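J.: Take a look and give me a structure for this.
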Amino acid sequence: MAPLFFRKGLRAFLKKGHVTLLLFPVDFIAMAPTLLILVGAAVVLGAALLPDKNCSLLPPVNFTIHAGGLAQVLLRWDPNPDQELGTVKLGYHVQIHAPEDEDYQTKNTESTRVAPLHRGFSASVRTVTWEEPSLPASSWVSAELPAPPGSPGTSAANLTCSTNTVASNGTRARPYHVSLRCAWRGGAEAPEDTQYFLRYRYGARTEEWRRYSQDARRRNVACWFPRTVIDGKGRDWLAVQVSGSSARAAIRPYDRLFALQAIDHVNPPGNVTAKVQGRHLHVHWEKPVSAFPGHCFDYEVRIHSARKGYFQTEKMTTNEFTTTVNDISKYCIEVRAAVSSVCREGGLWGEWSPVISVGDEARKPWTEWYPITLVAAVCLAFIASLTCRTCHAWTKLFPPVPAPKSHIKDFAATVNYEKSGSRETESEVISYVEDPGLEGLEDLVF
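T.: Numbers count the residues shown, from 1 in each chain. You can find the predicted model right below:
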């Protein structure tokens, strides 16, 4: 360490105006004893200010943990009075063991943490140097906050909560307020006479509600706060506790922390409109009722084509959407929103807006019906022809016309020509020979 402090002392000495010594070697030589004395004093002083490497840090004393509020604890300790380190600054390394592991450092001798306490809380702390990390830390000291009293299985279960922003009739400074709904289920081992009560804390404010919804056993299992102190744009944790009472057993309380972005039900966009112009479909809407400004929302548009039966879903950050439509159809449109990660940690999508319809009913142009009709006609003609050949349907539908019945089964005519010698006169003799098997002809006239 001596060379380091020698350099520091020399540098400080030169900054005080003695740089001219370098220009005058004679004066510098004359002042050499004084310079050596100053440098030696700086080295001794620096060594006195440094902690002894062989000296270990001592742990804090009087370490305590107190419940400072609903799901909130205060950790407090004091520096060890026997610790001697001169001007070296001390720091503290804190470890949270339960209900969840956490590790951090602080210069203060107290720390406030937010955590559910129905299972208890425990932590440890040790001393460290804030500017000299090479010095070994002290040993740990620990403290514990026990779990609240109560019989196992009697606490409320399945606690869920949700928030929603509602337009307010108040001042412009607070045009919105937040409502809170919570529900839970009674403990499996809770006696029949158990009754539950809920309270919540946001920031430094705690509220308890006295109007509840009840189950078949007349137990309180849900409540609704129409107006709360919750900030619609806040980032603090929401702490909720359900406690209980019974004449037969001690009911263990149950508390839980909620991140607002995880339970906030974003309202649907308002005034959704749509129109078809030519081959384009235009959709427009307004931002949801919310304390966040318009640029803090992401949107999802879902379009259903009644003709083709398909859904088209598009995501965007603006409050309008245009798409091309290629056919005559009726379109059903709905929009939903979520708070963007630009303004808050990503959360849940809100509810869909009411469905609106635009466009004509599902009709096919005649140019599309014509090929279908032609194919159907050809198929029907082929089926009819095949049926007629197989079942002789044509003969049954158009039977042949019956001919008049005749007793003449056969008739033979023999013509004999006899010619005389004279060319002027010719005689023709026709003789008819009746088949012996036929009946005689009567009144045959030619």
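
J.: only C-alpha atoms for contact and neighbour calcs from this point on.
T.: Will do.

J.: residues near the closest residue to Glu192 other than its chain neighbours, how many?
T.: Excluding the flanking residues, the one nearest Glu192 by C-alpha to C-alpha, 6 or more residues apart in numbering is Arg217, at 7.6 Å. Counted with other C-alpha atoms under 10 Å, residues neighbouring Arg217 total 11.

J.: Just confirm Arg217 is within a helix.
T.: No: the assignment for Arg217 (DSSP: H, G, I helix; E, B strand; the rest coil) gives coil, which keeps it out of a helix.

J.: Domains in this protein, by residue range?
T.: 2-49, 61-145, 157-263, 270-359, 372-397 (automatic domain parsing).

J.: In this structure Cys161 contacts Leu198, no?
T.: No: with contact defined as C-alpha atoms under 8 Å, Cys161 and Leu198 do not form a contacting pair (11.3 Å).

J.: between those two, who's got more neighbours?
T.: Leu198 (25 against 21).

J.: count of residues packed around the closest residue to that one other than its chain neighbours?
T.: Spatially, and ignoring its direct neighbours in sequence, Leu198 is nearest to Val242 (4.5 Å; C-alpha to C-alpha, 6+ apart). Other residues near Val242 come to 21 when the count uses other C-alpha under 10 Å.

J.: The helix or strand encompassing Val242 packs against which elements?
T.: Taking DSSP states H and E as the criterion, the element that holds Val242 is strand 237-245. When contacts are defined as 3 or more C-alpha pairs under 8 Å, 6 or more residues apart in numbering; DSSP states H and E, strand 237-245 packs onto strand 195-202, strand 254-259.

J.: What sits closest to Thr112 if chain neighbours are left out?
T.: Closest residue to Thr112 apart from its sequence neighbours, by C-alpha to C-alpha, 6+ apart: Leu74 at 4.6 Å.

J.: Parallel or antiparallel, which strands does the helix or strand that contains that neighbour pair with?
T.: Secondary-structure assignment from DSSP H and E places Leu74 in strand 72-78. Next to strand 72-78 in the sheet, as set by DSSP bridges, lie strand 61-69 (antiparallel), strand 110-114 (antiparallel).

J.: Turn the ones you listed into TSV, including mean pLDDT.
T.: TSV is the format used below for the strands paired with strand 72-78 (pLDDT from 0 to 100):
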stretch	mean pLDDT
strand 61-69	95
strand 110-114	95
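
J.: now what about the strand holding Leu74, what contacts it?
T.: The set of residues external to strand 72-78 that reach it, using C-alpha atoms under 8 Å, 6 or more residues apart in numbering, is 60-68, 109-117.

J.: Let's see that with 6 Å instead.
T.: Taking contacts as C-alpha atoms under 6 Å, 6 or more residues apart in numbering, the residues outside strand 72-78 that touch it are 60-68, 109-115.

J.: And the pLDDT for the residue nearest to Glu192?
T.: Each residue has a pLDDT score; the one for Arg217 is 90.

J.: Pull up the gap between it and Ala239, please.
T.: Arg217 sits 27 Å away from Ala239, going by C-alpha to C-alpha, to the nearest Å.
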